[in-house]
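turn this into a structure:
(one chain, ligands or ions: 1)
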Amino acid sequence: MRDPTVQISNLSFTYPGIDGHPPPGSSPLIANFSLAVNSGDRCLLVGSNGAGKTTILKILGGKHMVDPHMVRVLGRSAFHDTALTSSGDLCYLGGEWRRDVAFAGFEVPLQMDVSAEKMIFGVLGVDPQRRDELIKVLGVDLSWRMHRASDGQRRRVQICMGLLKPFKVLLLDEITIDLDVLARADLLKFLRKECEDRDATIVYATHIFDGLENWPSHIVYVANGKLQLAMPMEKVKEISNMSLMVRNMFLIELLRVGLGKRETKRGSEGKSERQMDS
Ligand SMILES: Nc1ncnc2c1ncn2[C@@H]1O[C@H](COP(=O)(O)OP(=O)(O)OP(=O)(O)O)[C@@H](O)[C@H]1O
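Model (predicted):
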C-alpha cells in the first residue's frame, strides 16, 4: 500500500495573537483533525463560512507553522521544507482576489503595463507543451494587458501560471470564483485528467457545486475546525444504493449541510478524526 500524499495527524492549530503566541486561554480553531489523502484523489473540502477550510489548506500549503509531525505532504513538512513548493510538487492556489497583490507570489509587480505573455513566459523551467495546453485550456489571450484585464482574465492567467509546473499535490481554495461557466468546466476537466493520468492529488475547497457532480473522488466536510465526515464518493453511492434521483437528493442534502448549516460551537460534536478509506 502506498503512503498517503497528504497526511494530517491529530492537527490542532490556533492563530497567533499580535505577540506571535496564541491568546492565553484560547481554544484551538482546528482541533484533533486527522485525515489521509492518497495519490489520484480529488477531494472536495466543504463546510460553511468560517469552518476552517482555508486555514487547513494554508497549513497544508506551508503558510502556517505547525508541528512537522502533524502535517506531512509527500512525506515532508511544507512549512519547514520550502523546496516542496519551490519545486512545484506542492501548489497552493487561493487567496483573496486583490488586484494589487494577485501576482505578488510570482514577484511580478502589476503596476506596470505587463502582458499575459510576459507573465506566463516569465515562469522558467516549464515544459512548453504543458504551457501551450494550459494557455488553451484556460483560454488565455497572450496579448491581454494585465493592468486593464478583468478579474476573470487575471484569474485565468494566475491559474495558468500556478499550474505550469506539474504538481503532485494541488490545494485549491475557491480559485474558480471569477471564472465563467465554460472556463471553469474546462479547468475542472483538465484537473481531473491530471489526477487520472499522473496520479496527482487535489484538495479543493469550494461553495460552488455546479458541475461537480461527478468530479470529486472524496468528500470531506468540516465544521468549526473539526472533521465531520470524510467519504469516498463510491461509498456515498453504495450507501444510497438507490435510484439516481434519491442518490442526488442525498448528495444535495450532504452538500447543503456542508454549505448552509451554520453550526454553533456547542453543536459541532461530530467525529474529530477520520481516515478516507478508498
Ligand atoms: N489570520 C487570522 N487570525 C485569526 N483568526 C483567523 C485568521 N484567519 C481566519 N481566522 C478565523 O478562523 C476561522 C476559520 O477561517 P477560514 O478562513 O479557515 O474558514 P473557511 O472555512 O475557509 O471560510 P470561508 O468559507 O468563509 O472561506 C474563522 O472564524 C476566521 O475568523
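
and Y204, what are its phi and psi?
Note on Y204: backbone dihedrals following degrees, to the nearest 10 are phi -120, psi 110.

next, count neighbours for it.
By the measure other Cβ atoms under 10 Å, the count of residues near Y204 is 25. (Each C-beta comes from the backbone N, C-alpha and C, glycine too.)

can you list the domains in the chain?
Residue ranges of the domains in the chain are recorded as 1-89+190-278, 95-166, according to automatic domain parsing.

out of the ones you listed, which gets nearest to L179?
domain 95-166 (5.8 Å; Cβ to Cβ).

now the closest one: average pLDDT?
When the per-residue pLDDT values of domain 95-166 are averaged, the result is 81.

before we move on, the earlier item: got the domains of the chain as CSV, with distance to the ligand columns?
Written out in CSV, the entries for those read as follows (distance: least, Cβ to the nearest ligand atom, whole Å):
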stretch, distance to the ligand
domain 1-89+190-278, 3
domain 95-166, 9
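
out of the ones you listed, flag the one nearest V181.
Judged by Cβ to Cβ, the one of the domains of the chain that comes nearest to V181 is domain 1-89+190-278, at 7.5 Å.

coming back round to it: in a markdown table: the domains of the chain, plus distance to V181.
Shown next, in a markdown table, are the domains of the chain (distance: least, Cβ to Cβ, whole Å):
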| stretch | distance to V181 |
| --- | --- |
| domain 1-89+190-278 | 7 |
| domain 95-166 | 11 |
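
what's the distance between the most centrally placed residue in the chain and L187?
For the chain, the residue sitting closest to the mean C-alpha position, by Cα atoms, centre = their mean, is L172 at 2.4 Å. Between L172 and L187 the distance, using Cβ to Cβ, to the nearest Å, works out to 10 Å.

ok, R2 next?
As defined by Cβ to Cβ, R2 lies at a distance of 27 Å from L187.

correct me if wrong: D178 contacts D151.
Yes - under the criterion of Cβ atoms under 8 Å, D178 makes contact with D151 at 4.6 Å.

out of the two, which sits in the more crowded spot?
It is D178, of D178 and D151, that has more neighbours when counted by other Cβ under 10 Å, with 18 against 13.

returning to that earlier point: which residues does the residue nearest to the centre of the chain contact?
For L172, the set of contacting residues under the criterion of Cβ atoms under 8 Å, 6 or more residues apart in numbering consists of L57, L93, G94, L191, I202, V203, Y204, A205, T206.

who wins on neighbours among those residues?
Counting neighbours by other Cβ under 10 Å, the one among the contacts of L172 with the most is V203, which has 27 neighbours.

what about the helices in the stretch 1-150 of the chain?
If DSSP state H, counting those that start in this stretch is used as the criterion, the helices of the stretch 1-150 of the chain fall at 53-60, 83-86, 116-121, 128-137.
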